[in-house]
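Visitor: Below are the sequence and a predicted model for it; my questions follow.
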Amino acid sequence: MDKLIIEGGKPLKGEVKISGSKNAALPIMAATLLTDEPCVIRNVPRLRDTMTMGKLLISLGKDVDFNNNTAVIKPKGKLGHVAEYEIVATMRGSFCVLGPLLSKLRKAKVSLPGGCVIGIRPVDLHLKGLSALGAKIDIANGFVNARVRQLKGNNIYLGGVSGSSVLATANVMMAATLAKGVTIIESAACEPEIADLAKFLVAMGAKIKGIGSPHLKITGVAKLKGTNYRIIPDRIESGTYMIMAAATRSTITLRQGSFNHLIALVDKLSEVGTKVYQEKGLIKIQPKKIIKPVSMTTHPYPGFPTDLQAQFMALMTLANGVSLIIDKVYPDRFIHISELNRMGAHIRREGLSAIVEGVRNLYGAPVMASDLRASAALIIAGLAAKGRTEIHRIYHLERGYENLDEKLCALGASVWREKTS
Ligand code: EPU
């Protein structure tokens, strides 16, 4: 197993190219189950998670060919309806094959994904939405079994205790594309990845109105066709590099990055003292030396994304004062606190909040990556810290950051991999 070594304290400089969005690619790849025709998907990041989705599609009977960042997905024999535990358990995103399989085959058996370190992560909203379309669903032996004679459009409220759900919206929207009649989803997720999925479905021939809003109207069609589609840039990768620049007080440039999808972060960074602006199609990040403390609460889009909470907390550990961080999407997504504290941060949990008392310096230490975004927070902390940080279990990073080591080295960071003994 590899560990990542970072010799911290070096400012970064130069330009980094942002990859395609992981969380748009996963449901879009799953959506290819809705057609018998080939689909070409461009700007797919080569990550462990997109490869896992490729493996799942192959196990369901598709032929998946990755060439650089293009995935060509076409039918190969009869489509299967069972998504096995061995694959679904490794990646929660694979649960979004449920809607397309049910819609296309009228039956689906998909392993329950289970919880993970960021929270319990139930699937009640997915099941509520698909049941409202007429599916008979039961859960047995760790699998969701869904059957239907004919999916029928309905009015569905998809709001949950923490607001909308990204993948429940994806599952229900995909199922509704081939249902009979009109489906209205209220309190649909407005995340750009869901809008991207909707645009992909429209390119396949689906009829969807209200894209990007919490009110989606889907008029079922008899058949969907293949298409050629380019995925949006990864806003979480873009945001991670923005926060990294702020924490290391480095002026850097993002190429093909997200700006409009990151307004909540850009706004918070301006309060921190970091200017983020667009110029000639590039995104420039210009931090100040002093990092101002800024409190922040995560919300569904267009609020501050939970997937940037850990990284923002790493930045706040170096602020000139106290900040308060609350995660309203995953209230327990704070596993990174203890690892950041190992590097000299002063963070404590009180109820639903993390209270971050800024320190002058972080110091390199051996730390453990626990999930994808927590690992990104450790990278940011390691780059800003004095001395050497060793990040163990970096396979988490490979799930969501394409060519991370190469990109960091190109920015002038002193980063390399070593085998753990
Ligand atoms: N929720 C329910 N019931 C459900 C589904 C969700 O109560 O049936 C709750 C969750 O427990 C959570 C909230 O609703 O409190 C939002 O969860 P959501 O369903 O939106 O999350 P998700 O769709 O499973 C996607 C991303 C996550 C990202 C969340 C929130 C993918 C593949 N995953 O997950 O990304 O954190 O939306 O924005 O799109 C990551 O990339 O690191 C990652 C974890």
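Guide: Yep, that arrived. Residues are numbered from 1 along each chain as shown.
Visitor: Which strands or helices does the lowest-mean-pLDDT helix or strand in the chain pack on?
Guide: When each helix and strand of the chain is scored by mean pLDDT, DSSP states H and E, helix 395-398 comes last, with a mean of 90. Of the remaining helices and strands, those touching helix 395-398 by 3 or more CB pairs under 8 Å, 6 or more residues apart in numbering; DSSP states H and E are helix 372-384. C-beta: built from backbone N, CA, C; applies to glycine.
Visitor: In contact with the residue lying closest to N361 once chain neighbours are set aside, which residues?
Guide: If you skip the residues right next to it in sequence, N361 has K386 as its closest partner in space, 5.4 Å away by CB to CB, 6 or more residues apart in numbering. The neighbours of K386, taking CB atoms under 8 Å, 6 or more residues apart in numbering as the test, are 8-9, 361-364.
Visitor: Could you rerun that using 7 Å?
Guide: 8-9, 361, 363-364 (CB atoms under 7 Å, 6 or more residues apart in numbering).
Visitor: Only alpha carbons, please: show the least confident helix or strand of the chain as PDB.
Guide: Output for helix 395-398, consisting of C-alpha atoms alone and laid out as PDB, is shown next (Å, rounded to 0.1, in the frame of the first residue of the first chain):
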ATOM      1  CA  TYR A 395      -6.200   4.900  -2.000                       C
ATOM      2  CA  HIS A 396      -9.100   7.100  -0.800                       C
ATOM      3  CA  LEU A 397      -7.700  10.000  -2.900                       C
ATOM      4  CA  GLU A 398      -7.600   7.800  -6.000                       C
END
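Visitor: And the pLDDT at K419?
Guide: Model confidence at K419, given as pLDDT, is 89.
Visitor: what about it, how many neighbours?
Guide: The number of residues packed around K419, counting by other CB atoms under 10 Å, is 7.
Visitor: Do I have it right that it meets D2?
Guide: Yes: the pair K419 and D2 qualifies as a contact (CB atoms under 7 Å) at a distance of 6.3 Å.
Visitor: quick one on the thing from earlier: please list only the buried members of the contacts of K386.
Guide: Neighbour counting by 16 or more other CB atoms under 10 Å classes 8-9, 363-364 among the contacts of K386 as buried.
Visitor: re the thing from before, got the contacts of K386 as CSV, with pLDDT, secondary structure and distance to the ligand columns?
Guide: Shown next, in CSV, are these (pLDDT from 0 to 100; DSSP: H, G, I helix; E, B strand; the rest coil; distance: CB to the nearest ligand atom, whole Å):
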residue, pLDDT, secondary structure, distance to the ligand
G8, 98, coil, 24
G9, 95, coil, 28
N361, 98, coil, 28
Y363, 98, strand, 27
G364, 98, coil, 25
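Visitor: pretty sure V266 is in a helix, no?
Guide: Yes: with DSSP: H, G, I helix; E, B strand; the rest coil as the criterion, V266 is assigned to a helix.
Visitor: Tell me, how many residues neighbour L265?
Guide: Number of residues near L265 (other CB under 10 Å) recorded here: 26.
Visitor: From the ligand, how far out is T90?
Guide: Between T90 and the ligand the distance is 13 Å, computed by CB to the nearest ligand atom, to the nearest Å.
Visitor: sec struct for that residue, please.
Guide: The three-state label for T90, taken from three-state DSSP, comes out as coil.
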